[in-house]
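**Q** here is my input, please return the structure:
(chains A and B)
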2 protein chains.
Amino acid sequence: MKCSRCGKEAFTKLKRHNAAFCKDCFELFFERQVEGAIRRKQMFTKNEHVLIGVSGGKDSMALWYYLHKAGYKTTGVHVFLGIGRYSEESRKIVESFALSHGLSLKILNVADFIGHSLPEATKKLKERAPCSLCGSIKRYILNKFAVEQGFTVYATGHNLDDEAATLLGNVLHWHIDYLAHQDPHLPSPHPKMTRKVKPFYTLTEEEIIHYVTLHNIPFIPERCPLSIKAKSLDYKEVLNSLEEKSPGTKHMFLLGFLEKGKQYFAREYTPPLLRECERCGMPTTRDICAFCRILEKLRNQGVKNSAHSRSE
Amino acid sequence: MKCSRCGKEAFTKLKRHNAAFCKDCFELFFERQVEGAIRRKQMFTKNEHVLIGVSGGKDSMALWYYLHKAGYKTTGVHVFLGIGRYSEESRKIVESFALSHGLSLKILNVADFIGHSLPEATKKLKERAPCSLCGSIKRYILNKFAVEQGFTVYATGHNLDDEAATLLGNVLHWHIDYLAHQDPHLPSPHPKMTRKVKPFYTLTEEEIIHYVTLHNIPFIPERCPLSIKAKSLDYKEVLNSLEEKSPGTKHMFLLGFLEKGKQYFAREYTPPLLRECERCGMPTTRDICAFCRILEKLRNQGVKNSAHSRSE
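**A** Below is the predicted model of the structure:
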């Protein structure tokens, strides 16, 4: 198999692009995709300091590696969730990567914010799916940190597979509001919120695996053990089975949405009015923000549990 | 397992409705679904004469059976496609069903309209997928027959699985025009076109199988041998795998679209201007209708082939 670009021996075939690439040309392809996304969606420039959410997984590690290599100013931020060995390993990976590449990194420990590790919190608040609870807590902690430190842009490693799976969930449920604002670049809706960008939104999971392999980028290969029942995994699975039969399906679905579908929902969408949380002052659509409501539930749960213990 | 309605022994469990039914209560459930669809979507009344497209498959046979049993005036119309034993069997089923139930039936032979059986036509026009070619030809033949005979409404057995699969294809491709007018009741857009209705759009394939089994309704169990590569089968497969994990997914997806999603596309949709085909006078958006263009291609293919034979 020859490289479609230079004719050298190819190391991978990308069916959806109907192309094979040698290592050098794959790198060129990959980096052009990222630069194209950053430019097309006006995500950030080299004059800005980009905060990157680094979980230690392949996507965020590849993003951190690439943005640093390409000369962007970056700081990594890692939320330590306290999910046993999985979290310990993830933290080690981001710490040693930062050290060996001379990168700036901040570790935020979820327990410092909610008084519990994530597994403890999910046990206390059984009515919430773990991924939903974790998402709410991480979004708050990360945004608060970003705003307090003066970052204006927050980048994540979400890829084409992630975004297509989210989109599938949104159309299966016809979540109109989510459809109106799903985008690889979400502008800041409030002075106390950074804008959010996803420079990998045109790259598949498979392509990112090639990139981390090529550059020996360390990452934690396991999935978060609390996410095994996540619906997004079902959506990824069915999109992969369609992709297998019709290469390019995921790309067509997501990019087609952004170019043709989204506007129909966005046109009539009024963003919710944001005010400041009565307790913490961070932006919210209600009197008390989602994070402060979680804190309250955790406290009440503690009271209920101790009342329960006393009555036993 | 007890019937959720009357407490008798249940014969089937419908996970998506979180209910089990005995035979009598299942029948009640099934027929209420159909009557609800007919009434809610104002499909037709008992004063109208309904033309039903009967392929001989479970859906159209169940529809014919139910509408007749419920006292609607019906005529079945079957397009004989000439696909070997499959078509012979299908014709026998509809003919013997009509005879034994005293029903009116018209057989239209595709060869009388295009000079070829469907397999011959697909061989000649290789650039078209068989299901797409067959769809174009059948739509024309059936509509022409309906209009000439004075029918105002044409009903088909399309079920929830069919409609959800079509919808999935439409969102994966963001076919905006198709999304704007996908509906279980398509009003007539031209005096020479009947309106089209799908009374089974809320019932799953599985529920229809229960119904035909319960009433011993004859049907051809095989799928059309030319449809094995149809994309719609891939879409049905992935929707079934999601349904398996989250019962109700297909229902939520299709009904949610009709109630919440569709309006966003429909609002800005301008139906194409229909005029009359220069050759046959039937409605079309172009000078010459799709059917007459197929006829022309089949004729040209004949000329090409005989020129090719002469040159050999």
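**Q** show me what contacts the residue of the stretch 1-150 of chain A found nearest chain B?
**A** Taking Cβ to the nearest Cβ, chain B has its nearest neighbour within the stretch 1-150 of chain A at A:Ala129, 12.7 Å off. (Each C-beta comes from the backbone N, C-alpha and C, glycine too.) By Cβ atoms under 8 Å, 6 or more residues apart in numbering or on different chains, the contact list for A:Ala129 reads A:Lys229, A:Ala230.
**Q** flag the shaky bits of the stretch 151-300 of chain A, pLDDT-wise.
**A** Across the stretch 151-300 of chain A, nothing is flagged by pLDDT under 70.
**Q** ok, then the element right after the one helix or strand A:Asp24 maps to?
**A** Per DSSP states H and E, A:Asp24 falls inside helix A:23-40. Of the helices and strands lying after helix A:23-40 in sequence (DSSP H and E), the nearest is strand A:49-53.
**Q** so A:Tyr154 belongs to a strand, correct?
**A** Yes. Membership of A:Tyr154 in a strand is supported by DSSP: H, G, I helix; E, B strand; the rest coil.
**Q** which residue packs closest to it, ignoring adjacent ones?
**A** Spatially, and ignoring its direct neighbours in sequence, A:Tyr154 is nearest to A:Thr194 (4.5 Å; Cβ to Cβ, 6 or more residues apart in numbering or on different chains).
**Q** isn't that neighbour right up against A:Arg139?
**A** No. Counting by Cβ atoms under 8 Å, A:Arg139 is not a contact partner of A:Thr194; they are 10.9 Å apart.
**Q** the two: who's more crowded?
**A** Between A:Thr194 and A:Arg139, counted using other Cβ atoms under 10 Å in any protein chain shown, the more crowded position is A:Thr194 (22 against 16).
**Q** so what's that one up against?
**A** A:Leu51, A:Asn143, A:Ala146, A:Val147, A:Phe151, A:Thr152, A:Val153, A:Tyr154, A:Ser188.
**Q** so the second one makes contact with A:Val153?
**A** Spelled out, that is A:Asn143. No. A:Asn143 is beyond contact range of A:Val153, at 11.9 Å (criterion: Cβ under 8 Å).
**Q** who's more crowded, those two?
**A** The residue with more neighbours, out of A:Asn143 and A:Val153, is A:Asn143; 22 against 19, by other Cβ under 10 Å.
**Q** and the more buried one, what element?
**A** Going by DSSP H and E, A:Asn143 is in helix A:130-148.
**Q** same question, A:Cys6
**A** Using DSSP H and E, A:Cys6 is not contained in any helix or strand.
**Q** neighbours around it, how many?
**A** Residues near A:Cys6, counting by other Cβ under 10 Å, number 13.
**Q** which non-adjacent residue is nearest it?
**A** In space, A:Cys6 is closest to A:Cys25, 5.6 Å off (Cβ to Cβ, 6+ apart).
**Q** next: A:Leu255.
**A** Nearest one to A:Leu255, counting by Cβ to Cβ, 6+ apart, is A:Thr202 at 7.2 Å.
**Q** on the three-state scheme, the one you found is what?
**A** Applying three-state DSSP: A:Thr202 is coil.
**Q** who are the contact partners of A:Ile52?
**A** A:Ser60, A:Leu63, A:Trp64, A:Leu67, A:Thr74, A:Thr75, A:Gly76, A:Val77, A:Tyr154, A:Ala155, A:Thr156, A:Gly157.
**Q** my error: substitute A:Glu48 in the last question.
**A** Here A:Glu48 is in contact with A:Tyr72, A:Lys73, A:Thr152, A:Val153 (criterion: Cβ under 8 Å, 6+ apart).
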